[in-house]
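Visitor: model this:
(2 chains)
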Amino acid sequence: MAYHNPDGVMIGLEIHVQLNKLNTKMFCGCSTKYHNDEPNSHVCPVCLGLPGSLPVINERAVEAAMKIGLALNCDIVPQTQFHRKNYFYPDLPKGFQTTQYDFPIASKGKVVIEGEDGEHVIGITRAHMEEDPGRLVHIGSIDKSKGTMIDYNRSGIALIEIVSEPDMRSPKEARRFLDKLRNIIEYLDVCDTTLEGAMRFDANVSIGGGSRAEVKNISSHKGAEKALLFEIVRQKNMLRRGGTVVQETRHFDEARGVTISLRTKEQEHDYRYFPEPDLVPMRVADRTAKVVETLPELPDAKRERFTKEYDMADMHAKALTSEIRTADYYEEVAAKVDAKVCTPWVADVLKGELNYRDLTVESFKVDDMVEIIEMVTQDKITEKSAVEVIRAILDSGGSPLDIVKEKGLIKVEDDVVSTAVSEVLKENEAAVADYLGGKEQSLNFLVGQVMKKTRGRADAVQAREMVLESINK
Amino acid sequence: MSKAKWMSISKVRESIAASSSEEVTASYLDTISKSKINGYVTINEGAIARAQDIDKGKDGEGHDGILAGVPIAIKDNISTKGIQTTCSSKILQGYVPPYNAHVIERLLDAGAVILGKTNMDEFAMGTSTESSHYGTTLNPWDHERVPGGSSGGSAAVVAAGEAPISLGSDTGGSVRCPAAFCGVVGLKPTYGGISRYGLISYANSLEQIGPIATNVSDIATIMDVIGGHDPRDSTSINKEIAYRDSLVDDVSGLKIGVPDEYFGEGIDEGVEKAVWAAIQKFEDMGAAWEKVSMPHTKYALASYYIIAMSEASSNLARFDGTRYGLREEGENWHVMASRTRAKGFGEEVKRRILLGTYALSAGYHDKYYLKALKVRTLVKQDFDKALSNVDVLMAPTMPAPAFKIGEKIEDPLALYLTDVNTVPINLAGVPSISMPCGLVDGLPVGLQIIGNHFDESTIMRAAYSFEQNTDHLTKRPAGVE
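Guide: Below you'll find the model as predicted:
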């Protein structure tokens, strides 16, 4: 059923992706691994913008940018160039940001998401390279701050800014788009998205074809959905009260879940872009083919391959490929045990247990998973016991075999059960007679005795069948 | 050595061999201490210790660099680790760079001893050194006159015998103009010929560091040390030039182009005569000259000032009092930054930041900045065309000799107009050397020899031949031997 978008919501997103998997920053040799270190310990004349310092382009960053562009189905510009975006802010040590303007490295791409009414295409306007500013640490919230500290460790980290078309029609679609984008970025291995500040978002929102508000400072997918929901309601209320939505920039206060006006259109900056004279235009056209070769299999392609190669339902393929680490994990397990058997174990059981605990597949050893699946296929433990083992490992660690032994989960051999059955029948002839005489409860008593003799290790259903079989013989 | 002297690098090295770098350095410091021209902003407190280190060398054998123990003066916009670098601005008072510019690294490797940092127009914005926060430098030939600018200190201290050699920087004539006014030799190399790493930017796309000396050979020696590729400057080009190899006294067959446009309205009669006499001398030495046309010269000045001010408005944004230099307090960051900039920058710097900001603003960007870039391309084409027919161009460096202190400072436009013969060279990025070619009323006249991109060899050969066959470089200011 087609989605009608009753409020005429149009959402466009700008996503900043930190290339924190590169060893060095965008224009200098400083390390990008600053997250656990003292403030201002990963700095040099270049990223501090000291007088006389000059930028040098990090070639690895250019390659990463090209990878992202190609993965988003963009055209790669033959010759790219950097510009200066001029504005004053204490986190910006040069008083301008080195970024790209009319020759972004990539443009005109698209990403397909699961929309409100099935597959939905989100246009990618452009993806360009720039440098991250430093980080301001406000004492208190932004509008009531008593003081501010600056950490330039982040200054100069390579960023890719991805700008989408306003093609999302609901906060849910925005969330889906961000999930998909994160998935692609992780596949490309250019960004550890789990690090603080690795992905940051600005959103443009309008309803009913009115003016748009730009919401800044969104730092999580959940936050994006929350900010958008708030903003849409705010704009609807404004219109209902007879007001008009003005074009403005708003700040998202994640703690309070509200957006606050920062500046209106009249107060917007004139960034006075002009070509960065310290960097010469860079030809990348002849590098594109080589970068294409280094592109990994992307989520959509992997999903399709999984359904074919492992003969699985699309639902499972989607669940397994939505994160590169889950997909890789699955393939490792599937290489060691029957793929068809292991699919539900990884896609449904393990993923479910991990999600419940907010954990990732790294928390569960491939070998443990293989061992557990093998125990099930070799009929050593029941499926129910297998789930119990998985939970035990996630909650308190240990090896599958130890847990099985400790909890006495090993299924007993059939002959042990049948011996127990014949002994029980011999010892309880009266009960057998009662059952044959029509007293149903006697059967339960007999099965209970078998379970008691096997100390519960027998499968109750199987024991019941064997008891019936022997009586009716 | 109690008297100020002009010393070539080889003479200085002879003195060092006869005594020590420590003695030679001390003698220069003594001369500087008695100076009346205000050529230095900062004296290097570590100069004597450095000279002693050079005298000792790594293993007591002395330093074997080509500039071992040779004192040098450095323009105050070139970063020197541990030595205050202010660009002659109040806003950078107390700023001590934690790193050396590329050229400083090279000079130190070659054994040079930094005497101090020389006075300049604030942030290299000027033609007279009068916009320095630390007061103007006096022209050693006539203390009532300006030394030229913006590298006024660097040229004046060499002319006054307060340093044998120096480094300046040339954005629109800032090495050649003071070299001309002070009667010494100055080179603006091809854009990309020397790394700008550590040079505090005024207008990045136009400027180059350049040497100043009392003779052409020393220019070549310094260029051999500081020239060449540096991966830290993306605009530096990997092209090795053997500067000293080009010091050949032979101009036979050299084709000289003389652009009429450089002898235009307002040119001093004496300057015109001196330059034509020089061209005549070249003809006598076996060269041939012809007139060439460079029709876009008249637009160069406007284009230059728009581009330079636009870039400057962005380059100088970093001086906000947050991290280094002057800081004025304020109730929030924006007030603090505004007050710091209001107090720290001088008149001329503020004028250029404002004009540059205006030229880049929405609505004016296309009309001014983009148009200036288009004119720049046309000016470049003038040079390409002219230099495809001749080997070098010759013209007056400055249309008139040094003017009086205070004569033009109240009239920025008149001051800008004096750059008419130097800025087209920066727009085109070609190399140009200025050297003395005579005196007018006791004041030196500069001859400018312009070459093709990376063809420093040809202009150096021409300059060297002229030096060998004339006595212009034996003329010194009064009181200097």
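Visitor: Would you mind listing what in the stretch 101-250 of chain B touches chain A?
Guide: For the stretch 101-250 of chain B, the contact set with chain A under C-beta under 8 Å from any C-beta of the partner chain comprises B:101, B:196-201, B:203-205, B:231-235. Heads up, the C-betas are built off the backbone N, CA and C, glycines and all.
Visitor: One more pass at 10 Å, please.
Guide: B:101-102, B:123, B:192, B:195-201, B:203-207, B:230-237 (C-beta under 10 Å from any C-beta of the partner chain).
Visitor: Filter the residues you listed down to the buried ones, ChimeraX style.
Guide: A single ChimeraX command selects the buried members of those (16 or more other C-beta atoms under 10 Å in any protein chain shown):
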select /B:101,102,123,192,195,196,197,198,199,200,201,203,204,205,206,207,230,232,233,234,235,236
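Visitor: List the ones among the residues of the stretch 101-250 of chain B next to chain A that fall in strands.
Guide: Per DSSP state E, strands hold no members of these.
Visitor: and the residues of the stretch 101-250 of chain B next to chain A, which of them are in helices?
Guide: residue B:102 (DSSP state H).
Visitor: what about the stretch 351-473 of chain A, any weak spots by pLDDT?
Guide: Across the stretch 351-473 of chain A, the ranges flagged by pLDDT under 70 are A:412-414, A:473.
Visitor: Counting neighbours, what do you get for the closest residue to chain B within chain A?
Guide: For chain A and chain B, the shortest gap (C-beta to the nearest C-beta) falls at residue A:95, measuring 2.4 Å. Number of residues near residue A:95 (other C-beta atoms under 10 Å in any protein chain shown) recorded here: 21.
Visitor: contacting residues for it?
Guide: Residues in contact with residue A:95 (C-beta atoms under 10 Å, 6 or more residues apart in numbering or on different chains) are A:49, A:84, A:86-89, B:313-320, B:322, B:337.
Visitor: Filter these down to just the buried residues.
Guide: Judged by 16+ other C-beta under 10 Å, buried ones among the contacts of residue A:95: A:49, A:84, A:86, A:88-89, B:313-320, B:322, B:337.
Visitor: and the closest residue to residue A:294 other than its chain neighbours, what is it in contact with?
Guide: Nearest non-adjacent residue to residue A:294, counting by C-beta to C-beta, 6 or more residues apart in numbering or on different chains: residue A:67, 7.0 Å away. Contacts for residue A:67 (C-beta under 10 Å, 6+ apart) come out as A:106, A:160, A:184-185, A:187-190, A:291-292, A:294-296.
Visitor: what's the neighbour count on residue 277?
Guide: As the question left the chain open, I've gone with chain A. Residue A:277 has 20 nearby residues by other C-beta under 10 Å.
Visitor: nope, chain B please
Guide: Neighbours around residue B:277, by other C-beta under 10 Å: 14.
Visitor: quick one on the thing from earlier: now, which of the contacts of residue A:95 sits nearest residue B:248?
Guide: Of all the contacts of residue A:95, residue B:315 has the smallest distance to residue B:248: 39.6 Å, by C-beta to C-beta.
Visitor: what is the mean pLDDT for the helix or strand harbouring the closest one?
Guide: Following DSSP states H and E, the helix or strand that holds residue B:315 is helix B:297-315. What helix B:297-315 shows for mean pLDDT is 97.
Visitor: Would you mark the buried spots in it?
Guide: By neighbour count on 16+ other C-beta under 10 Å, the buried set for helix B:297-315 is B:297, B:299-301, B:303-315.
Visitor: now stretch A:198-210
Guide: Residues of stretch A:198-210 classed as buried: A:198-207, A:210 (neighbour count, 16+ other C-beta under 10 Å).
Visitor: how many other residues sit next to residue 453?
Guide: No chain in the question, so chain A it is. 19.
Visitor: try chain B instead
Guide: There are 19 residues near residue B:453, going by other C-beta under 10 Å.
Visitor: Surely it forms part of a strand?
Guide: No. Secondary structure of residue B:453 (DSSP: H, G, I helix; E, B strand; the rest coil): coil, not part of a strand.
Visitor: where does the closest residue to it other than its chain neighbours land in three-state SS?
Guide: Using C-beta to C-beta, 6+ apart and skipping the chain neighbours, the partner closest in space to residue B:453 is residue B:190 (5.1 Å). Recorded secondary structure, residue B:190: coil (three-state DSSP).
Visitor: got it, and residue A:155?
Guide: Once three-state DSSP is applied, residue A:155 turns out coil.
Visitor: In three-state terms, label the residue nearest to residue A:294 for me.
Guide: Under three-state DSSP, residue A:67 comes out as helix.
Visitor: still on that earlier bit, show me the contacts for the residue nearest to residue B:453.
Guide: Here residue B:190 is in contact with B:208, B:227, B:237, B:239, B:241, B:428-432, B:451-456 (criterion: C-beta under 10 Å, 6+ apart).
Visitor: If we use 8 Å, what do you get?
Guide: B:208, B:237, B:429-431, B:453-456 (C-beta atoms under 8 Å, 6 or more residues apart in numbering or on different chains).
Visitor: Am I right that residue A:66 is in contact with residue A:78?
Guide: No. With contacts counted by C-beta atoms under 8 Å, residue A:66 stays clear of residue A:78, the gap being 12.0 Å.
Visitor: Need the three-state assignment for residue A:193.
Guide: Residue A:193 - assigned by three-state DSSP - is coil.
Visitor: for it, what are its contacts?
Guide: A:182, A:185-186, A:199.
Visitor: just to revisit the earlier point, what is the nearest of the contacts of residue A:95 to residue B:11?
Guide: Using C-beta to C-beta, these come closest to residue B:11 at residue B:315, 38.7 Å.
Visitor: Please report the distance of that closest one from residue B:230.
Guide: 19 Å (C-beta to C-beta, to the nearest Å).
Visitor: same check, this time on residue A:280
Guide: 14 Å.
Visitor: Check residue B:247 too.
Guide: Going from residue B:247 to residue B:230 by C-beta to C-beta gives 25 Å.
Visitor: and what of residue B:183?
Guide: From residue B:183 to residue B:230 the distance is 32 Å (C-beta to C-beta).
Visitor: wait, residue A:389 sits on residue A:382?
Guide: No. Using C-beta under 8 Å, residue A:389 is not in contact with residue A:382; the gap is 10.5 Å.
Visitor: higher neighbour count, those two?
Guide: residue A:389 (24 against 17).
Visitor: Where does that one sit: helix, strand or coil?
Guide: Residue A:389 - assigned by three-state DSSP - is helix.
Visitor: ok, now which ones touch it?
Guide: Shown in contact with residue A:389 (C-beta under 8 Å, 6+ apart): A:372, A:381, A:400, A:403-404, A:407, A:409.
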